[in-house]
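Visitor: sequence plus the predicted model coming up.
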Amino acid sequence: MERDDRQELIDRKRDVPGDDLLSALIDEHTRQDGPRLNRSELVAMAFLLLFGGYHNSAGLVSTTVLALLSHPAHLAAVRSRELAMDQVTEEALRWNSPAMLAVRRFATEDMRIGEAAIRKGERVWLSWASANRDPGQFLAPETFDPTRDARGHLAFGHGPHYCPGASLARLENEIAVTSLVRRFTELPLVGPAGESQWTMSLRNRSLRELPVSL
Ligand code: HEM
């Protein structure tokens with residue numbers, strides 16, 4: 001969602017408020033006794049909630065479904081309840097991290113990370129997705145293996161900006177994917193998994209479409 005779209009959405013909600021979180025946040029901006037959120041904070045919060053709360057979660061559901069449909073043994077184990085969906089969710093987060101890049105950081109001092117020398121003030125892009133496939137951390141990191149212990153992945157970030165929606169996102173994924181694969185016991189992929197249509201974004205890993213036949 002572009003900045004102009006967010007502004008437009010906020011203007012629309014301000015004119016016609018609804019019973020929703022964004023309308024409540026706009027109230028905080030337009031309060032008679034002085035705003036508790038200024039305009040930039042409101043726009044930034046709208047972005048975080050819409051992008052984080054929607055795109056990343058949708059990305060996780062779509063890539064977890066693809067992972068299971070292309071690994072029939074794991075799919076069968078989920079359906080028979082031998083494999084718990086929370087394990088599948090953790091491994092899906094590690095294997096196909098929906099938020100691939102961190103919000104940009106600036107170095108507060110000179111430092112060295114691995115072979116890279118970073119000078120104070122330089123912009124740093126951290127890649128959660130790359131860390132989650134670090135062979136020093138995970139054995140055979142390119143393999144989707146929900147029986148592994150995937151704890152310690154960085155799909156929800158790290159430190160003070162750790163995702164506040166992590167528990168909600170995990171729960172949404174567990175409910176959505178379990179309901180889908182248990183309800184539709186026949187859900188073959190149309191075409192090879194490698195031909196799936198991915199969104200073209202450096203930040204967000206999700207599928208544009210996932211054709212299946214019913
Ligand atoms: C699978 C789903 C999700 C993933 C993979 C994800 C990932 C992340 C990551 C990696 C960060 C840290 C960004 C950084 O430090 O650079 C983050 C922050 C954040 N996420 Fe999520 N997120 C998800 C779902 C959600 C949901 C459902 C919400 C809210 C409803 C949410 C709201 C936020 C907010 C507000 C921040 C900013 C926190 C801060 O800067 O202090 N996210 N998320």
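Guide: Nice, thanks for sending it over. Please read all numbers here as calculations on a predicted model, not as lab measurements.

Visitor: average pLDDT across the helix or strand harbouring residue 66?
Guide: Element membership of residue 66, judged by DSSP states H and E, is helix 57-69. Average pLDDT, helix 57-69: 95.

Visitor: contacts for that helix next, please.
Guide: 74-75, 78, 88-89, 91-93, 95-96, 98, 144, 165, 168-169, 172-173, 176-177, 180-181, 187-189, 193, 196, 199, 204-207, 210, 212 (CB atoms under 8 Å, 6 or more residues apart in numbering). (C-beta placed from N, C-alpha, C; glycine too.)

Visitor: which among these end up buried?
Guide: Those of the contacts of helix 57-69 that meet the buried threshold are 74-75, 78, 88-89, 91-93, 95-96, 98, 144, 169, 172-173, 176-177, 181, 187, 189, 196, 204-207, 210, by 16 or more other CB atoms under 10 Å.

Visitor: near the ligand, list only the ones from those residues.
Guide: Contacts with the ligand within those, counted by CB under 6 Å from any ligand atom: 98, 169.

Visitor: just the buried ones among the contacts of helix 57-69: which are in strands?
Guide: residue 207 (DSSP state E).

Visitor: still on that earlier bit, how far is the helix holding residue 66 from where the chain is centred?
Guide: Mean-position distance between helix 57-69 and its chain equals 11 Å (CA atoms, centre = their mean, to the nearest Å).

Visitor: please save the CA atoms from that helix in CSV.
Guide: C-alpha atoms of helix 57-69 as CSV (Å, rounded to 0.1, in the frame of the first residue of the first chain):
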residue,chain,number,x,y,z
SER,A,57,-0.1,-13.0,7.9
ALA,A,58,-1.6,-13.7,4.4
GLY,A,59,1.9,-14.5,3.2
LEU,A,60,2.4,-17.0,6.0
VAL,A,61,-0.9,-18.7,5.3
SER,A,62,-0.3,-19.0,1.6
THR,A,63,3.3,-20.3,2.0
THR,A,64,2.4,-22.8,4.8
VAL,A,65,-0.3,-24.2,2.5
LEU,A,66,2.2,-24.5,-0.4
ALA,A,67,4.7,-26.1,1.9
LEU,A,68,2.3,-28.8,3.0
LEU,A,69,0.8,-29.5,-0.4
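
Visitor: check whether it contacts the ligand.
Guide: Yes - judged by CB under 6 Å from any ligand atom, helix 57-69 comes into contact with the ligand through 57, 60.

Visitor: just the buried residues of that helix, please?
Guide: 57-69.

Visitor: show the contacting residues for the residue of the chain found nearest the ligand.
Guide: Closest to the ligand within the chain is residue 165: 2.3 Å, counting by CB to the nearest ligand atom. Neighbour list for residue 165: 52-53, 57 [criterion: CB under 8 Å, 6+ apart].

Visitor: mind listing what the residue positioned nearest the centre of the chain touches?
Guide: Computing the C-alpha centroid of the chain and ranking residues by CA atoms, centre = their mean puts residue 56 first, at 2.9 Å. Contact analysis of residue 56 by CB under 8 Å, 6+ apart lists 98-99, 169, 204, 206.

Visitor: now with 7 Å, please.
Guide: Contacts for residue 56 (CB atoms under 7 Å, 6 or more residues apart in numbering) come out as 98-99, 169, 204.

Visitor: export the residues you listed as CSV, with columns for pLDDT.
Guide: Formatted as CSV, the contacts of residue 56 follow (pLDDT from 0 to 100):
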residue, pLDDT
98, 95
99, 94
169, 96
204, 87
